[in-house]
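[1] Give me the fold of what follows.
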Amino acid sequence: MLEIEYEFQEKDLIHFNELQFMRNEDIKNNIKKNRWLIPAFITVLGSYYYFFYNDIQTTAYVLVIGVLWGLLSPLYILKDLHRQVLKSYSEKEKVNMFGMYKLKIDPSNPKYLFEESPSGKNKMAWDELLRVEYGKRYVYIFITLDTALVIPVEGVKSGNLEQFAEQAEKMIERYSS
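    Reported below is the predicted structural model:
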């Protein structure tokens, strides 16, 4: 029997939502536009002050605002995303979500992935799981296109995550056919 135990925290939820957010092409394009078009407009405005009024001080202020906008607006957008993610869950949902998780692959009952979490015991059929993805500090077992079991490498308390993830991948492939 393969088993891992890990702790899922607020930062892991935020990381996963940020990853999903940044995979959306429309959102990435809007961030790029916000990061480049507004500072470009501000630069044109600064140039106007310089060429028509010969006002170097105002031009410098306007250009600094443009540079700061380009550098800080993506950070502000991500900070706002963090706030929205945490705000979208009630305190009861957070209590049921954060904490220790235990995942088991039981050879005596091979059709299911067993999960023990703060919300209780669950079993998930392998044919309903989509895929296993590997990140730098996380392993994701996707339940739907935008929902996954997020396993932080640093949060693993017991078990071998590599072996578990490989076996989970094999089980998903075996039962999805």
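[2] Where is the longest helix in this protein?
    helix 56-87 (DSSP state H).
[3] name the helices or strands packed onto it?
    helix 10-23, helix 25-53 (3 or more CB pairs under 8 Å, 6 or more residues apart in numbering; DSSP states H and E). For the C-beta atoms, the positions are set from N, CA and C on the backbone; glycine is no exception.
[4] And the next helix or strand past it?
    With elements assigned by DSSP states H and E, the helix or strand that comes after helix 56-87 is helix 91-97.
[5] How much space separates Ser158 from Tyr6?
    Distance of Ser158 to Tyr6, computed by CB to CB, to the nearest Å: 9 Å.
[6] The longest helix of the chain - what's its average pLDDT?
    In this model, helix 56-87 carries a mean pLDDT of 90.
[7] now the angle from that helix to helix 10-23?
    120 degrees (axes from the mean of the first three to the mean of the last three CA atoms, to 10 degrees).
[8] Tell me the buried residues in helix 56-87?
    When neighbours are counted by 16 or more other CB atoms under 10 Å, the buried residues of helix 56-87 are found to be 59, 62-63, 65-66, 69-70, 81-82, 85.
[9] And stretch 92-103, by the same measure?
    Quick answer for stretch 92-103 (16+ other CB under 10 Å): 97-98, 101-103.
[10] Please apply the same query to stretch 133-152.
    Result for stretch 133-152 [16+ other CB under 10 Å]: buried residues 138-141, 148-152.
[11] Among the residues you listed, name the ones in strands.
    The strands, defined by DSSP state E, take in 138-141, 148-152 from these.
[12] Let's have the residues you listed in JSON lines, adding distance to Phe41 and pLDDT.
    Shown next, in JSON lines, are those (distance: CB to CB, whole Å; pLDDT from 0 to 100):
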{"residue": "Tyr138", "distance to Phe41": "38", "pLDDT": "96"}
{"residue": "Val139", "distance to Phe41": "43", "pLDDT": "96"}
{"residue": "Tyr140", "distance to Phe41": "39", "pLDDT": "96"}
{"residue": "Ile141", "distance to Phe41": "44", "pLDDT": "95"}
{"residue": "Ala148", "distance to Phe41": "39", "pLDDT": "94"}
{"residue": "Leu149", "distance to Phe41": "44", "pLDDT": "94"}
{"residue": "Val150", "distance to Phe41": "39", "pLDDT": "95"}
{"residue": "Ile151", "distance to Phe41": "44", "pLDDT": "96"}
{"residue": "Pro152", "distance to Phe41": "41", "pLDDT": "96"}
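[13] Of these, which is the nearest to Arg174?
    Ile141 (14.7 Å; CB to CB).
[14] quick one: the closest one and Gln167 touch, right?
    No - assessed by CB atoms under 8 Å, Ile141 is found out of contact with Gln167, at 11.2 Å.
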